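Asker: no sequence on hand, only this structure:
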């Protein structure tokens, strides 16, 4: 079962949508469960100024991505890259074991967004 915090973020994700003035985009997906995450990020001097997401997936994918966005806003890239699956899960008061893989999706999408940003 999902925690109250995970369900709250699933039902009302505050970071969902497309950011209009982004300068990097990153995607990730899990072929085993068909979840797909897309992050739109506005970086300035290697700092996350703003970010939004789109997810096609389960409550775990949506809630982990929403909380991940909160974790990276205002942080430098290096700090965002240090976020762990456990930290994401802890911020949601835990995740069911069967959905722990969901926390990898925003992390991988962020790495891909950083790569996209650095290529520009």
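Answerer: Yes, it's here. The structure displayed is predicted, hence computed values, not measured ones. Numbers count the residues shown, from 1 in each chain.

Asker: partners of the lowest-mean-pLDDT helix or strand in the chain, with directions?
Answerer: Every helix and strand of the chain was ranked by mean pLDDT, DSSP states H and E. The lowest is strand 24-30, at a mean of 94. The strands beside strand 24-30 in its sheet (DSSP bridges) come out as strand 35-44 (antiparallel).

Asker: tell me where the longest helix sits in this structure.
Answerer: helix 104-119 (DSSP state H).

Asker: buried stuff in that helix?
Answerer: Buried residues in helix 104-119, counting neighbours by 16 or more other CB atoms under 10 Å, are found at 104, 105, 106, 107, 108, 109, 110, 112, 113, 114, 116, 117. (C-beta placed from N, C-alpha, C; glycine too.)

Asker: equivalent analysis for stretch 43-62, please.
Answerer: Neighbour-count burial for stretch 43-62 flags 43, 48, 50-53, 55, 57-62 (criterion: 16+ other CB under 10 Å).

Asker: out of these, who's nearest residue 97?
Answerer: The closest of those to residue 97 turns out to be residue 60 (CB to CB; 10.8 Å).
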